[in-house]
Every structure is written in C-alpha cells, then in structure tokens.
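>>> Quick one, what's the 3D model for this:
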Amino acid sequence: MAEGLQLITYSQALKQGTDLWVISDAQNSSWPSKIDWYLCFQMKKNKLNCFEASVSQIQSLIKKYKLSSFQWKAPQPLPVLIESSSHLPNLWTLKLTYSEEWINRIYDIWCSLNQPKLRIFVPQPIKKEKIIEKWEEHAKNNLIQYIME
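Numbers count the residues shown, from 1 in each chain. Just a heads-up that it's a prediction; the model follows:
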C-alpha cells in the first residue's frame, strides 16, 4: 500500500493496513460502539474504572510525607490505548474523547508511539480540510488513513 494521506471508505474501515486506529467518543461518532464490539467491550469496561484519588486523600498524603504541594494537570479525560491485535487487524486502538485539541492530542500520542501507520476515524465536528491541514505534511513518509463520519 502506498504511503501518504488517504481517505478510505466505510467498506475499508475495519480492514488491515495500519497499526494504530484512533476513535472518538460515542457522542461524536458511530465508530466507538462498532469497534468496541470487536474488542469485547474493553473500552466500556475501562470507563467503569475510576482512578482518581480524592482531594482529601492527596492532601493527607502530602502532609504525612511532608511533600511540597503541587498541581497535577493531566489532560482530561484520559485517552485509552488498547492492545487490539487479537481482536482487530491492527496493533492498537486509541479512544480519545473529542475536544477542541483532538487532532493535536492524536499527533502527540502518535509521535510518542514512534509514528506507526495510522487510521483516524474522524468524528462529526471535524471537517476534512482540518485533517488535511494537520496530516498532509506528516503523510509524506508515513501511511495515514482517515475516514469521515
């Protein structure tokens, strides 16, 4: 398959060809529920887990261990990266809740994973021009596919 930025069709969406698939949340796309079905609802199960410590717990630990106070700023909501090669024709599936910075956050994660072949399931609020503007330059040496909602 040729490198570059490629718009793919619905019939090609769940076929092999890329290593990392990126989906949005169900409020902005129909793809999460379809893909989560093949993943045995791992994304839905992950959503039920709550990993946030309460402010009072954090404050008591800071006092107990005489730590300096700090502000932890993780992007919210946190992305979910699932190793999906046993369920889908890819290596990983990334679920990233839609926000104004959605495309930039994908780019940062993609770079941290050493720029694997990428398929983006573009949510409804994002226009084709925005995808082309962000990814066209990066697709010269990489395979980047996208499918519009």
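>>> Going by C-alpha atoms from here, please, whenever you check contacts or count neighbours.
OK.
>>> which residues sit in contact with Leu61?
Residues in contact with Leu61 (CA atoms under 8 Å, 6 or more residues apart in numbering) are Leu67.
>>> now the strand or helix carrying it: mean pLDDT?
According to DSSP states H and E, Leu61 maps onto helix 55-64. What helix 55-64 shows for mean pLDDT is 77.
>>> which parts of stretch 117-129 are buried?
Within stretch 117-129, the residues scored as buried using 16 or more other CA atoms under 10 Å are 117-123, 126.
>>> residues in contact with it?
Defining contact as CA under 8 Å, 6+ apart, one finds that stretch 117-129 is touched by 17-24, 28-29, 31, 98, 142-149.
>>> Buried among those? Make that a PyMOL selection.
Command for PyMOL that selects the buried part of the contacts of stretch 117-129, burial taken from 16+ other CA under 10 Å:
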select buried, resi 17+18+19+20+21+22+23+24+28+29+31+98+142+143+144+145+146+147+148
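>>> Among the contacts of stretch 117-129, which ones are in helices?
Judged by DSSP state H, those include Trp31 as members of helices.
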